[in-house]
Structures are given as C-alpha cells and as structure tokens.
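**Q** Turn this into a structure:
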Amino acid sequence: MIVVLEKTINDRQLENIIKHLEDFGFAIHKSTGEERMILGAIGVQPNFDVRKIKILDGVEEVYRITESFKLASRSFKKDDTIIKIKDVVIGANEVSVIAGPCSVESEEQIMIIAELVKKSGVKILRGGAFKPRSSPYSFQGLGEEGLKLLRKAADEFGLLVITEVLENSKIDLIYKYTDIFQVGARNMQNYSLLKELGTAKKPVMLKRGLSATVEDWLMSAEYILSNGNAEVFLCERGIRTFETYTRNTFDISAIPVVHKRSHLPVFADPSHATGLRDKVIPMARAAVAAGADGLMVEVHHDPEKALSDGPQALLPEQFEEMMTQVRLIANVIGRTM
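**A** Residues are numbered from 1 along each chain as shown. Coordinates of the predicted model:
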C-alpha cells in the first residue's frame, strides 16, 4: 500500500500516520521524491480498509500496489533510483562500466588489468575471489588473498571494487574489502543471503538467475529492499533457453521491461550472456542502445592463460574499442559516460 503525503505535512502528523500504520501491522518504508514524501506500507492484509489511513491529517491519497513486488515497483517510487558511491553515480543519466577479470589470479595480473581499465575510463573494478564454478575441480578463487589483491589494485588506480559474495558467512569478510556486493545468478534466489545483504550498509548488484523471469528477479530484489537496503541495482546476464550456440541467451528486452516496471538501475553483462569474446562488443552496443544504465565486462591481458572464462574476456585493445563505440551510442541517446 502506498500512502502519498501532503506537501505541507509536519513532523507530528507524519509520526501519527506511521504509528497508525505500525499499529495495523504494516512495516514502513519511506521514499522522498523531489516534491513530496510517500510511505510504503508493507504487509499482507487484502481486506484492510484504506479509509482508516485516508482520514488522517497529512495524508493526500492511499493506493494499493497490485504487483507482487512492492518496494521495487514504480508504484512505490516513480523517480529512478540513483546510487552514489564516492565519485561514481549508478543510474541517472550516466552509463557506468564495471570491468576486470573473471577471477583474481595474482598481484601482477590484477595490477595490469586495473591499470588498463582505468585508462579506458572505468571507475569500478571487478574480480572474483570466491568463484561458484560448475565443476568442483575448476579454479575456485584465491579467497581472502584475492580480496586483498583486488583492494590493493583498486586503491592504486583510484577505482571502486565489486566482488561476489556466495554465502552469509562471508559477508563480514568481503565487507572489509569491497564497495559493492555482487550476487551472482546462482544465488539470485538464495533468500537467506538476500535478507542478510538487506542489512548491509553497502550497495548490492543482483544478477538475474539462469532461468528467472523478470518478476522472479524483482521479487529477489524485494528481499534486499524490504530488509532495509535501498541501494540495489540489477544486472541482466543472459538466461537459459533451447539455444546452445552462445553460453546463454541475452534478453535485451528485459532492460526496457524492468525500467518500465521498476525504479532500480539495470546493468548488462554481455560477457556471461554470450560466453564468446567476438559477441561481447555487439551485445554491449545493443545493451546501451536499449537503455542499460551500465555494463559489466570481463577483460584479460592474456586470456589464453586465464584460470576461468578466458574465451569470453576481451583483450585490452578490444576493450578500448568497445568503450569508444558504446560512448558514441550513449551520446546519441542523450546519455554520458
């Protein structure tokens, strides 16, 4: 349920409205727009008489949210969510790029890649320290040592860090090193993990699950939002279909669909979506043209020797070319990079 407050509401009236909603069993989430504040009253009460709230001083209107996801919906918040981390803005008019290797492999490797992505205009460095691999015999990451190397490289070149968290027990450890938590596709419906990240004081990027619908995806975001963390953004990374030529099928249509139904920023990961280096740049162009708020791309200076996902990592010169091309597209549609 959405409670739209009057522009002239005072603190006493606001406290009274919140008290009434809480007494009726609702959990309250505030959203402040440019012109007014609204309250999201979350709770399953299908027969609740909204007139009990409409009559209170300071209330302009009350609406029911029909979507299964509440806090992630445009009904709750019409303005786009904008996440600011130091000098980086996620959402708004700027198209951001996250780049780096699939896995942190060594200090030399991550330093080389951090320097080259920085030179291309990137502000967020990616790199996996804990890797959820399909095979138990594949490289699983360097663990905390990888986190330390990732943080060191980011600090050396003035970059933010994003890295994946796989389980609740690792949140506190990763918190010390990262600026943004990444929830991978395999954990999109790990509700225990999502709830814990809802209490974290850092932004969360939520990747779409391997076979998730858009509604499944937004409901997962709801778990984070409903536990108190409003700094959530999404990432389309391809879904499983009957097509086997590419690693996944890149659902570019999900970008405008989510933008219409939700206020959360949407990124795109053409590396995992295609799994093929020569397909990454065309899909990156398409994603920006479709309105993606950012890209997440894998880059490696020597992908033939990469310990994970080398075939989908762009070479340095390819990454520079991608940045040039998507910057032109962003400018054409009135955005900046």
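**Q** who's in contact with D302?
**A** Q109 (CB atoms under 8 Å, 6 or more residues apart in numbering). Every residue, glycine included, has its C-beta placed from N, CA and C.
**Q** Now do the end-to-end distance for stretch 300-310.
**A** 8 Å (CA to CA, to the nearest Å).
**Q** Okay, buried residues for that stretch please.
**A** Buried residues in stretch 300-310, counted by 16 or more other CB atoms under 10 Å: 300-301, 303, 306-310.
**Q** Point out the least confident member of these, please.
**A** By pLDDT, D309 ranks lowest within the buried residues of stretch 300-310, coming in at 84.
**Q** from memory it sits against C102, does it?
**A** Yes. Judged on CB atoms under 8 Å, D309 makes contact with C102 at a distance of 4.0 Å.
**Q** Between these two, which contacts overlap?
**A** Common neighbours of D309 and C102 (CB under 8 Å, 6+ apart) are E298.
**Q** okay, the buried residues of stretch 300-310 in TSV with distance to P136 and secondary structure next?
**A** Below are the buried residues of stretch 300-310 laid out as TSV (distance: CB to CB, whole Å; DSSP: H, G, I helix; E, B strand; the rest coil):
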residue	distance to P136	secondary structure
H300	23	coil
H301	28	coil
P303	23	helix
A306	19	coil
L307	15	coil
S308	14	coil
D309	17	coil
G310	20	helix
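**Q** can you give me the helices for the stretch 51-200 of the chain?
**A** For the stretch 51-200 of the chain, applying DSSP state H, counting those that start in this stretch gives helices covering 51-54, 107-119, 144-157, 171-175, 191-197.
**Q** Packing partners of the shortest one?
**A** Judged by 3 or more CB pairs under 8 Å, 6 or more residues apart in numbering; DSSP states H and E, helix 51-54 is in contact with helix 11-23, strand 59-63.
**Q** closest to L160 out of those?
**A** helix 11-23 (34.8 Å; CB to CB).
**Q** starting at the chain centroid, how far to that closest one?
**A** Relative to its parent chain, helix 11-23 has a centroid offset of 32 Å by CA atoms, centre = their mean, to the nearest Å.
**Q** Can you name every helix or strand that it contacts?
**A** Going by 3+ CB pairs under 8 Å, 6+ apart, helix 11-23 lies up against strand 2-5, strand 27-32, strand 37-42, helix 51-54.
**Q** Buried residues of the second one, list them for me.
**A** Of the residues in strand 27-32, 29, 31 count as buried by neighbour count, 16+ other CB under 10 Å.
**Q** which stretch in the helices and strands packed on helix 51-54 is the model least sure about?
**A** strand 59-63 has the lowest average pLDDT among the helices and strands packed on helix 51-54, namely a mean of 89.
**Q** just to revisit the earlier point, would JSON lines of the helices of the stretch 51-200 of the chain with mean neighbour count, mean pLDDT and distance to E243 be doable?
**A** Converted to JSON lines, the helices of the stretch 51-200 of the chain look like this (neighbours: other CB atoms under 10 Å; pLDDT from 0 to 100; distance: least, CB to CB, whole Å):
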{"stretch": "helix 51-54", "mean neighbour count": "13", "mean pLDDT": "91", "distance to E243": "49"}
{"stretch": "helix 107-119", "mean neighbour count": "19", "mean pLDDT": "97", "distance to E243": "30"}
{"stretch": "helix 144-157", "mean neighbour count": "19", "mean pLDDT": "97", "distance to E243": "33"}
{"stretch": "helix 171-175", "mean neighbour count": "15", "mean pLDDT": "97", "distance to E243": "34"}
{"stretch": "helix 191-197", "mean neighbour count": "19", "mean pLDDT": "97", "distance to E243": "29"}
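**Q** Same list (the buried residues of stretch 300-310) but as a markdown table, adding distance to M337.
**A** Formatted as a markdown table, the buried residues of stretch 300-310 follow (distance: CB to CB, whole Å):
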| residue | distance to M337 |
| --- | --- |
| H300 | 22 |
| H301 | 23 |
| P303 | 24 |
| A306 | 26 |
| L307 | 30 |
| S308 | 28 |
| D309 | 25 |
| G310 | 27 |
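**Q** Cool, thanks, talk later.
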